[in-house]
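Colleague: what follows is a predicted structure for the sequence shown.
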Amino acid sequence: MEKFHPGNVLYFEAEEQISAGNLVCLSGDNKVKKVSSGSEAKFIGVALIDANAGEKVSVATRGVYELTADSDVSAGDKVKAVDHESIAPWDPASESADLIMGVALNGATAGGNVLVLIK
């Protein structure tokens, strides 16, 4: 959930059931779904409320959020969404820059909490 000042909030139609705090990606025109393997490059933000399929969901597209580390993360790492609940360091040697969704503001081990500046 958000930790500092509010970011930009946009409204989309939920393509599936979405919970507050889920990382979401674009799935069509003005529609979002939870991030899953293969959809990370379309990351758009963090859901702020729960929504069922077909309902409007507010999504923060900027700001600082506390997320879960999928693997060890260091402060200053550029990070990517791994799934709808976690992030991991972006690997510039093997991954497209399109996957970068923010910057870790603190370090964390796998399963730990990390503050992420979503850009």
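Modeller: On my side now, so go ahead. Residues are numbered from 1 along each chain as shown.
Colleague: now the element after the helix or strand hosting E66, going C-ward?
Modeller: Counting by DSSP states H and E, the element that carries E66 is strand 63-69. Sequence order places strand 78-81 as the next helix or strand after strand 63-69, per DSSP H and E.
Colleague: what is that next one packed up against?
Modeller: strand 86-89, strand 100-104 (3 or more Cβ pairs under 8 Å, 6 or more residues apart in numbering; DSSP states H and E). Yep, even glycine has a C-beta here, placed from its N, CA and C like the rest.
Colleague: what segments of the protein are strands?
Modeller: Assigned by DSSP state E, the chain shows strands spanning 9-14, 23-28, 31-34, 43-47, 56-60, 63-69, 78-81, 86-89, 100-104, 113-118.
Colleague: got these as a markdown table, with mean neighbour count and mean pLDDT columns?
Modeller: Listed next are the strands of the chain as a markdown table, based on neighbours: other Cβ atoms under 10 Å; pLDDT from 0 to 100:
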| stretch | mean neighbour count | mean pLDDT |
| --- | --- | --- |
| strand 9-14 | 17 | 95 |
| strand 23-28 | 21 | 94 |
| strand 31-34 | 22 | 96 |
| strand 43-47 | 24 | 94 |
| strand 56-60 | 19 | 96 |
| strand 63-69 | 20 | 93 |
| strand 78-81 | 24 | 95 |
| strand 86-89 | 21 | 95 |
| strand 100-104 | 21 | 96 |
| strand 113-118 | 20 | 96 |
